[in-house]
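>>> Kindly generate the corresponding structure for this input.
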Amino acid sequence: METNIPGRGLRSQYDNIWLVDGVRTPFADYNTVLGLVSPIDLGIKVAREIFRRTEVSPEWVGSVVAGNMAQASFDAYVLPRHIGIYSGVPIEVPAHLVQRVCGTGIEAICQAADAIKLGKVELALVVGTESMSRNPIAAYTHRGGFRMGQVEFKDFLWEALLDTCPGVTMGGSAEALAKQYKISREEADQFAAESFSRAIDAQKRCFLSGEIVPVVSQLFECEGYNARSIRLPKKVESFSQDSHIRPSPIEVLAKLPAAFGGVQTGGNSSGIVDGAAATLVASSDFVRKHNRPALAKVVAGAAVGVPPEIMGIGPVPAIRAVLEVSGLSLDQIDRFEINEAFAAQTLACERELGLDHAKLNVNGGAIAIGHPLAATGVRLAITLARELKRSNGRYGIASACIGGGQGIALLVENAPAVPG
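A predicted model of the protein is given here:
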């Protein structure tokens, strides 16, 4: 199957755009410490923190781009707007919501970069936030009343895993790739065990903590408006570390039952977690004018469609597209962050591209850290940029497969902290 038809998809090249810095909450297993917190408040938390860390004034922001998937609160419609207002962005600055399923966070960064490239703004606040715990139990056909025997409420979080176009679940699409690329259960479990061990090592080295802001119970006040807040469970003073990361040797993973009738299990699939992440995207002129050090240069972005029944292969054409638009080759890329939706899916992408495994998800991936849908892409970009700094690499690509049959990728460069 051809997965990279020239000219197809959305491709952008950027010359003078930067990620100033990035931060995220710890990711919490669903229905635990962050289970009752609105994604809006998680978004406000990271937005306020990115301004504090960078000493960039929210007054300088020209646009707020927020990503979110689940309608996890009754005020979900105004999520981007509230994140902007309660983080101190001027009331006149507009905000909008981005939704590209698992690629939402990267898409939000690309939309901010596009706005800067078009000269609309010099600085954008980008936030990805998700409460998997607060996914609703929903009914879509009852507004006109109930028919006898047809009262139907379903778990949105579970039902959303089914792509009704091909009639295949997200997990089923991973199983299709496992068959196509001859990926065994043992290989999937080994990949997962390594994801956990790498993440544990990254925690011990305090690498992950460098991108995390601890979450505490706190009030978000905004003059003239109702206060918002985060309330953690009783006796929890602070939540400061990803909770899904745990020792998971292959012997333990091998005992778990198949989730979709093949190689995938709950242990070698992405963790279901709650969390948020934020970054500031800026022009070179902004960074120079305000003398702010930057984390990474944004080089290119791409989003490409693939058959829905093998949606997990999406990173392959997306990565090829950003390489094509940037004129770089695969061997010039020092680090890759591919969202680990499923072990078999990530392994399929690795094999199809011929990636050097030692360059992929070196600090663990979503199997260990978790995958809060809209927050993931921002997390991938932040982690990638920080890893390039740590390892003194030059280029890195963050990528994700997307339910419905898409792939997305972002190419960043570890360039001088202050552009000349």
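>>> Now name the helix or strand holding Ala375.
Secondary structure from DSSP states H and E places Ala375 in helix 373-391.
>>> what number of residues lie near Arg394?
Using other C-beta atoms under 10 Å, Arg394 has 15 neighbouring residues. The C-beta positions use only the backbone N, C-alpha and C, and glycine is treated the same way.
>>> Oh, that last question was meant for Glu122, not what I typed.
Residues lying near Glu122 (other C-beta under 10 Å) number 20.
>>> buried residues in the helix holding Ala375?
Burial within helix 373-391, assessed by neighbour count using 16 or more other C-beta atoms under 10 Å, is assigned to 373-388, 390.
>>> Skip ahead from that helix and say which helix or strand is next.
Next in sequence after helix 373-391, counting helices and strands by DSSP H and E, comes strand 395-402.
>>> Could you check the angle that following strand makes with helix 373-391?
160 degrees (axes from the mean of the first three to the mean of the last three C-alpha atoms, to 10 degrees).
>>> What average pLDDT does strand 395-402 get?
The average pLDDT for strand 395-402 rounds to 98.
>>> hmm, back to that, CA atoms only: put the helix holding Ala375 into PDB for me.
Coordinates of each C-alpha in helix 373-391 appear next as PDB, following Å, rounded to 0.1, in the frame of the first residue of the first chain:
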ATOM      1  CA  LEU A 373      -5.500  12.500  24.100                       C
ATOM      2  CA  ALA A 374      -5.200  16.200  23.400                       C
ATOM      3  CA  ALA A 375      -2.300  16.800  25.800                       C
ATOM      4  CA  THR A 376      -0.200  14.000  24.300                       C
ATOM      5  CA  GLY A 377       1.100  16.000  21.200                       C
ATOM      6  CA  VAL A 378       2.200  18.900  23.300                       C
ATOM      7  CA  ARG A 379       3.900  16.500  25.700                       C
ATOM      8  CA  LEU A 380       5.700  14.800  22.900                       C
ATOM      9  CA  ALA A 381       7.000  18.100  21.500                       C
ATOM     10  CA  ILE A 382       8.200  19.300  24.900                       C
ATOM     11  CA  THR A 383       9.900  16.000  25.800                       C
ATOM     12  CA  LEU A 384      11.500  15.800  22.400                       C
ATOM     13  CA  ALA A 385      12.900  19.300  22.500                       C
ATOM     14  CA  ARG A 386      14.300  18.800  26.100                       C
ATOM     15  CA  GLU A 387      15.800  15.400  25.100                       C
ATOM     16  CA  LEU A 388      17.600  17.100  22.200                       C
ATOM     17  CA  LYS A 389      19.100  19.600  24.600                       C
ATOM     18  CA  ARG A 390      20.100  16.800  27.000                       C
ATOM     19  CA  SER A 391      21.700  14.600  24.400                       C
END
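>>> Just to be sure, Ala47 is in a helix?
Yes - counting by DSSP: H, G, I helix; E, B strand; the rest coil, Ala47 is found in a helix.
>>> residue contacts, it?
Contacts for Ala47 (C-beta atoms under 8 Å, 6 or more residues apart in numbering) come out as 83-84, 86-87, 125, 127, 278.
>>> Name the residues of stretch 234-245 that are buried.
239, 242-245.
>>> quick one: that stretch to chain centroid distance?
20 Å (C-alpha atoms, centre = their mean, to the nearest Å).
>>> What of stretch 309-324?
Worked out by C-alpha atoms, centre = their mean, stretch 309-324 lies 16 Å from the chain centre.
>>> Would you mind checking the average pLDDT for that stretch?
98.
>>> Also stretch 109-126?
The average of the pLDDT scores along stretch 109-126 is 98.
>>> Compute the first-to-last residue distance for that stretch.
One end of stretch 109-126 sits 6 Å from the other (C-alpha to C-alpha, to the nearest Å).
>>> From the chain's centroid, how far away is it?
Worked out by C-alpha atoms, centre = their mean, stretch 109-126 lies 18 Å from the chain centre.
>>> if I've got this straight, Val263 is in a helix?
No - per three-state DSSP, Val263 lies outside any helix segment and is coil.
>>> Surely it and Lys179 touch.
No - in this structure, Val263 is not within contact of Lys179 by C-beta atoms under 8 Å, at 9.1 Å.
>>> Would you mind telling me which of these two has the busier surroundings?
Neighbour count, other C-beta under 10 Å: between Val263 and Lys179, Val263 has more, with 24 against 12.
>>> can you tell me which residues contact that one?
175, 178, 183-185, 187-188, 343-344.
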